[in-house]
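K.L.:
the sequence isn't on hand, but the structure is:
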Ligand code: AMP
C-alpha cells in the first residue's frame with residue numbers, strides 16, 4: 001500500500017515509524033514532514049491546509065490510505081474532499097470535526113447528552129460576558145470558541161484578569177474569528193489525563209490512557225505549551241475510571257454525534273479532569289494527541305494499518321489490538337525561548353548516540369535538514385521516548401537518551417512522569 005501522512009510533528013513521526021513496520025506498506029509519503037520522518041517517508045512540501053493539492057497528490061501517487069495528524073485540515077474538510085474524489089482517508093469529516101473546531105458545539109453536545117463537564121455559559125457580547133462574570137466571580141476559565149493554536153484557553157484567578165481576557169478576545173479580537181464567541185466555564189481542580197479511542201462511528205476501541213504535561217516548567221509552573229512530555233498508561237485512570245469514561249463519555253459522544261447527523265469516524269480524544277473518582281471532560285480533540293501519541297504507539301504491539309483501514313471502511317468490529325504492558329515515557333526537548341519566540345536553525349548534535357539504545361525512539365517535531373545536518377526548526381524539537389519494565393525505568397531511559405543529545409539552548413522538564421510514580425509508588 002501507498003500511505004500519505006499529513007503533518008510535521010512528533011505525532012506524525014511516531015505514526016510514520018509505526019506504519020513503516022507494517023508488512024502491508026510499500027511506500028510512505030508525508031506532507032510536509034520533518035528531518036526525522038524523512039527516514040521512513042518521502043517528505044513532500046505541501047502545506048497541511050492545501051487540501052486541493054494534497055488530494056491531487058494522493059490521486060497522482062495512487063495513495064491507498066491517508067492519515068491526518070493535525071486538526072486544521074480536518075476542520076477544513078480534508079476528509080470530505082478526499083472521499084468525494086474516491087480516496088480512502090482516516091479521520092472525521094468536516095461536520096464531525098466541529099467537536100474540536102468549536103468549543104461551544106462540544107460543550108452543548110456534552111450538555112445535551114449528559115456527558116460530565118464543567119458548568120458554562122457562552123457569549124458574543126463583552127457587556128453580557130462581564131455582567132455574568134461579576135455575578136459569578138472567579139476563578140473561571142475563559143475559552144475562545146474556535147481554533148486558536150492551543151492559546152485560546154485562559155484560566156483567570158481575578159476579576160481584572162478575567163475582564164482583560166474578555167476584552168482581548170471579544171473586543172480586540174486577538175484570536176480573530178476564532179474569538180467571535182467565548183465560553184466562561186467553572187474552574188476545575190484535579191489531575192488531568194488523556195483518553196483516546198479509535199472509532200468508526202459504531203464500534204469504539206479504547207487506546208491505553210496517557211497523560212500530557214502542558215506547562216513549560218517543572219511542577220506544572222509557567223505558561224502552557226503544546227505539551228512538554230507524556231506517559232502511558234496514566235495510573236490516575238484506574239480500571240473503574242476507564243470504564244466510566246467509556247460508558248459516560250466515549251459511547252454517548254459517538255452516539256450523540258451520529259444522532260446529530262455528524263457521524264464521527266477516526267480518532268476521538270477526550271481531555272479529562274479527574275477529581276476524587278469523578279471525571280469531567282475539558283475538551284475533545286478530533287485527532288491523536290501530541291505528545292501522547294509517541295508513548296502510546298511505542299506500546300502498540302499490533303499493526304496500526306489494519307486499524308486505520310478498518311476505521312475508514314467502517315468495520316472496526318473486526319479488529320482487535322494488542323498493547324505492550326510496559327509503560328512508555330516521552331520527554332519533549334524544546335528550543336530556547338519556547339513557548340515564546342524561539343531560535344531556529346541551530347544544529348542538533350548527538351542524535352546518533354541514541355540509535356543503539358534499547359527501547360528508545362527519538363521522534364522529531366521541529367527539525368529540518370540544512371546542508372545535510374539536522375537543525376532545529378520549531379519550538380518543540382524532539383520527543384525522546386522510551387519504554388521500560390516500570391515507569392521509573394522508562395523515565396530513566398528517556399532522560400538518559402535526552403542527556404546524550406545537545407544543541408545550544410536545548411531545554412526539557414526534569415519531572416516528566418513524576419505524577420505516575422507518586423501514584424504507583
Ligand atoms: P482545553 O483546550 O479546553 O483542554 O484547555 C487547555 C487546558 O486548559 C487544559 O488542558 C487544562 O489544563 C486547562 N483547562 C481547561 N478547562 C479548564 C477548567 N474548566 N478548569 C481548569 N482548567 C481548565
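P.N.:
Yep, that arrived. Worth saying up front: this structure is predicted, and the values here are computed from it rather than measured.
K.L.:
residue 67 contacts residue 4, doesn't it?
P.N.:
Yes - counting by C-beta atoms under 8 Å, residue 67 touches residue 4, with 7.5 Å between them. All C-beta atoms are positioned from the backbone trio N, CA, C, and that covers glycine.
K.L.:
can you get me a residue count around the closest residue to residue 217 other than its chain neighbours?
P.N.:
Distances taken as C-beta to C-beta, 6 or more residues apart in numbering put residue 413 closest to residue 217, at 6.9 Å, once the chain neighbours are dropped. Per other C-beta atoms under 10 Å, the neighbour tally for residue 413 reads 23.
K.L.:
for residue 413, give me the pLDDT.
P.N.:
Per-residue confidence (pLDDT) for residue 413: 98.
K.L.:
spell out which parts of the stretch 51-200 of the chain neighbour the ligand.
P.N.:
The stretch 51-200 of the chain comes close to the ligand at residues 118, 141, 143, 153, 155, 185, 186, 187, 188, 192, as judged by C-beta under 6 Å from any ligand atom.
K.L.:
so who does the residue nearest to residue 217 touch?
P.N.:
Residue 413 makes contact with 213, 216, 217, 218, 228, 229, 331, 332, according to C-beta atoms under 8 Å, 6 or more residues apart in numbering.
K.L.:
gap between the helix or strand harbouring residue 241 and the chain center?
P.N.:
In this structure, residue 241 sits in helix 239-245 according to DSSP states H and E. Centroid separation for helix 239-245 versus its chain: 21 Å, with C-alpha atoms, centre = their mean, to the nearest Å.
K.L.:
against which helices or strands is that helix packed?
P.N.:
Applying 3 or more C-beta pairs under 8 Å, 6 or more residues apart in numbering; DSSP states H and E, one finds that helix 239-245 contacts strand 266-275, strand 278-285.
K.L.:
now with 10 Å?
P.N.:
Judged by 3 or more C-beta pairs under 10 Å, 6 or more residues apart in numbering; DSSP states H and E, helix 239-245 is in contact with strand 191-199, strand 204-206, strand 266-275, strand 278-285.
K.L.:
for residue 222, grab phi and psi.
P.N.:
The phi and psi torsions at residue 222 (degrees, to the nearest 10) take the values phi 90, psi 180.
K.L.:
helix, strand, or coil at the spatially closest residue to it that is not a sequence neighbour?
P.N.:
Once flanking residues are discounted, residue 222 sits nearest to residue 216: 4.2 Å by C-beta to C-beta, 6+ apart. Under DSSP: H, G, I helix; E, B strand; the rest coil, residue 216 falls in the strand class.
K.L.:
residue 216: what's it in contact with?
P.N.:
Residue 216 sits next to 222, 223, 224, 225, 228, 334, 338, 339, 340, 411, 413 when contact means C-beta atoms under 10 Å, 6 or more residues apart in numbering.
K.L.:
check whether the worst-scoring helix or strand of the chain on mean pLDDT contacts the ligand.
P.N.:
Ranking every helix and strand in the chain by mean pLDDT, DSSP states H and E puts helix 418-424 at the bottom, with a mean of 90. No - on the criterion C-beta under 6 Å from any ligand atom, helix 418-424 is out of touch with the ligand, staying 13.5 Å away.
K.L.:
residue 195 reaches residue 281, doesn't it?
P.N.:
Yes - at 9.1 Å, residue 195 and residue 281 qualify as touching, with contact defined as C-beta atoms under 10 Å.
K.L.:
which one's more surrounded, the two?
P.N.:
residue 195 (26 against 21).
K.L.:
who does the closest residue to the ligand within the stretch 251-400 of the chain bridge with?
P.N.:
Nearest residue of the stretch 251-400 of the chain to the ligand: residue 283, at 3.4 Å (C-beta to the nearest ligand atom). Beta bridges link residue 283 to residue 271 when assigned by DSSP bridges.
K.L.:
pLDDT wise, what is it at?
P.N.:
For residue 283, pLDDT reads 97.
K.L.:
and residue 154, which of the three is it?
P.N.:
Residue 154 ends up strand, using three-state DSSP.
K.L.:
on the three-state scheme, the residue nearest to the spatial centre of the chain is what?
P.N.:
For the chain, the residue nearest the mean C-alpha position is residue 289 (1.8 Å; C-alpha atoms, centre = their mean). Following three-state DSSP, the label given to residue 289 is coil.
K.L.:
mind listing what it touches?
P.N.:
Residues in contact with residue 289, defined by C-beta under 10 Å, 6+ apart, are 11, 194-196, 207, 210, 212, 226-227, 230, 267, 269, 271, 296.
K.L.:
rerun at 8 Å
P.N.:
Going by C-beta under 8 Å, 6+ apart, residue 289 touches 11, 194, 196, 210, 212, 227, 230, 269.
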